[in-house]
Every structure is written in C-alpha cells, then in structure tokens.
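Participant: Sequence plus predicted model, see below.
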Amino acid sequence: MSSVNELMVREYFESLGYLVTQPRKYVVPSWRKHSDEGADLIVINPRVGEHRVPDHIVWGTSELANIARAVVGIRGWHTERFYASVIQQTPWVFRFVEPAFVRHAARLAGSSDIARILCIPRLPASGELKDRTIRVLKEKGIDGVISFETILNELIAYVQPNRNYDKSDLLQILRILKIYDLIKDRQLDMFSVSFRRKSRSKMTDDGSPAGSSSKEPPPATH
C-alpha cells in the first residue's frame with residue numbers, strides 16, 4: 001500500500017472527527033506480503049452514539065455519520081477501475097476482513113460491532129459490470145466502499161485557503177493549489193456550470209441575447 005494513499009485516507013477520516021490508528025507499523029517482506037496483509041487503518045469516532053451500518057454498499061461521507069468504528073482496507077490502484085475480475089485475480093485484497101484480522105481490529109476498537117470499509121479508485125461506471133462487482137464485494141464481507149474521488153473531493157472542500165496546514169503536507173499542498181485557483185470545490189464547479197447553463201438559456205441560436213435580434217432593424221417610416 002502506498003503511503004500517499006494511506007495519507008489521503010487518514011486525513012479524510014481525521015477531518016470527519018475520527019481517531020485513526022495503524023495496527024501494523026512494520027513493512028511486510030514481499031515474499032510473505034499476501035499472507036500478512038491485514039487492516040491498513042482502524043478508525044473510531046467517539047462522537048457517534050448509535051453504530052449503524054447502511055444497507056447499501058457504495059458510501060459517501062453522509063453514510064459515515066452513523067459509523068462509530070471501522071476496519072479500513074486501502075487499495076489505491078488509480079489507473080484502473082475496481083472490477084470483479086480484479087477481485088478474482090487478487091484475493092489477498094480482502095485479507096483484512098477475514099475473522100482473525102477483524103477480531104484483532106475489534107479488540108483495538110473496543111467493540112466487536114465494527115464496520116468493514118474498502119477504499120478503492122472507482123467502481124465500474126454502470127450496468128452489469130458494476131452490479132456484479134458490488135455483489136462480489138458483498139460476498140467478500142465488505143460493508144461499505146468509498147472511492148478516492150469522494151475522499152479527495154471532501155478534502156478539497158475541507159481545506160480553507162486562509163488556514164495554515166503546516167502539520168499536514170497533503171492539506172498544505174491542497175491549500176496552495178486553492179490559493180492559485182488550480183483546484184476548486186465541487187460545489188463551486190456546480191454553481192459555475194449552473195450559471196453557464198442559465199447564461200446560455202438567455203442567448204438565441206445565433207449567440208445574441210434573448211429578446212434581441214442579430215438582424216438590422218427595419219428602417220423607420222415617417
């Protein structure tokens with residue numbers, strides 16, 4: 001697992017008020033990596049009263065409002081979507097939800113009632129490929145899937161240009177990119193798109209403002 005991927009996920013959960021711990025501090029040798037691959041992070045939100053796991057598997061930030069604790073797996077292959085075929089070819093991806101690893105995470109979290117979250121690049125866009133992938137994820141024991149697109153969008157919205165994030169390289173980089181208008185909040189982008197659509201709706205087919213004509217007016221008669 002890339003440390004950059006872990007950093008993004010850690011900052012995301014911390015921005016939502018979670019306490020984050022990393023159960024394995026050492027680097028697993030390549031020859032035994034798959035057998036020792038456990039949870040990447042364990043997250044606990046002390047502000048959540050009743051722990052409730054949603055019925056659906058594709059999560060955004062709103063679904064975490066009722067998640068008090070979770071074991072998190074991070075799979076940041078950003079060059080491809082997460083298809084069912086990928087799951088079949090890399091079964092070790094789900095080692096972190098095997099009973100032994102979950103029991104260990106539950107002991108650290110202080111409760112056996114713990115969600116299983118997988119952070120991935122993207123699911124298939126739509127159709128049967130997406131439905132099949134979701135079915136396989138559920139069969140593997142995953143409660144919720146959060147995409148890196150969601151994570152990054154939330155971090156971008158969280159960062160304020162007028163705050164100094166010297167204690168976080170990632171947040172400070174996002175802040176600097178915002179200062180120079182190299183990235184914008186999705187909410188601002190949505191507003192901009194809406195504004196452009198309204199502006200276009202006020203134009204005629206030839207590009208002139210609605211209610212006006214591109215043709216010369218007829219000469220005045222006396």
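Facilitator: Looks like it arrived, so ask away. Just so it is clear, the structure is predicted and the values come from calculations on it, not from any experiment.
Participant: CA only for contacts and neighbour counts going forward, please
Facilitator: OK.
Participant: what about stretch 44-52, distance to the chain center?
Facilitator: Distance of stretch 44-52 from its chain centroid, counting by CA atoms, centre = their mean, to the nearest Å, is 20 Å.
Participant: Quick one: end-to-end distance for that stretch.
Facilitator: 13 Å (CA to CA, to the nearest Å).
Participant: likewise stretch 141-155?
Facilitator: Termini of stretch 141-155 sit 27 Å apart (CA to CA).
Participant: can you list the weak-confidence ranges in the chain?
Facilitator: 1-2, 24-39, 186-222 (pLDDT under 70).
Participant: secondary structure element for Lys178?
Facilitator: Secondary structure from DSSP states H and E places Lys178 in helix 169-179.
Participant: Export that helix to PDB, keeping only CA atoms.
Facilitator: This file holds the C-alpha atoms of helix 169-179, laid out as PDB (Å, rounded to 0.1, in the frame of the first residue of the first chain):
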ATOM      1  CA  ASP A 169       1.900  18.200   3.900                       C
ATOM      2  CA  LEU A 170      -1.200  17.000   2.000                       C
ATOM      3  CA  LEU A 171      -3.600  19.600   3.300                       C
ATOM      4  CA  GLN A 172      -1.000  22.300   2.800                       C
ATOM      5  CA  ILE A 173      -0.500  21.300  -0.800                       C
ATOM      6  CA  LEU A 174      -4.300  21.400  -1.400                       C
ATOM      7  CA  ARG A 175      -4.400  24.800   0.300                       C
ATOM      8  CA  ILE A 176      -1.700  26.200  -2.000                       C
ATOM      9  CA  LEU A 177      -3.400  24.800  -5.100                       C
ATOM     10  CA  LYS A 178      -6.600  26.500  -4.000                       C
ATOM     11  CA  ILE A 179      -4.800  29.800  -3.400                       C
END
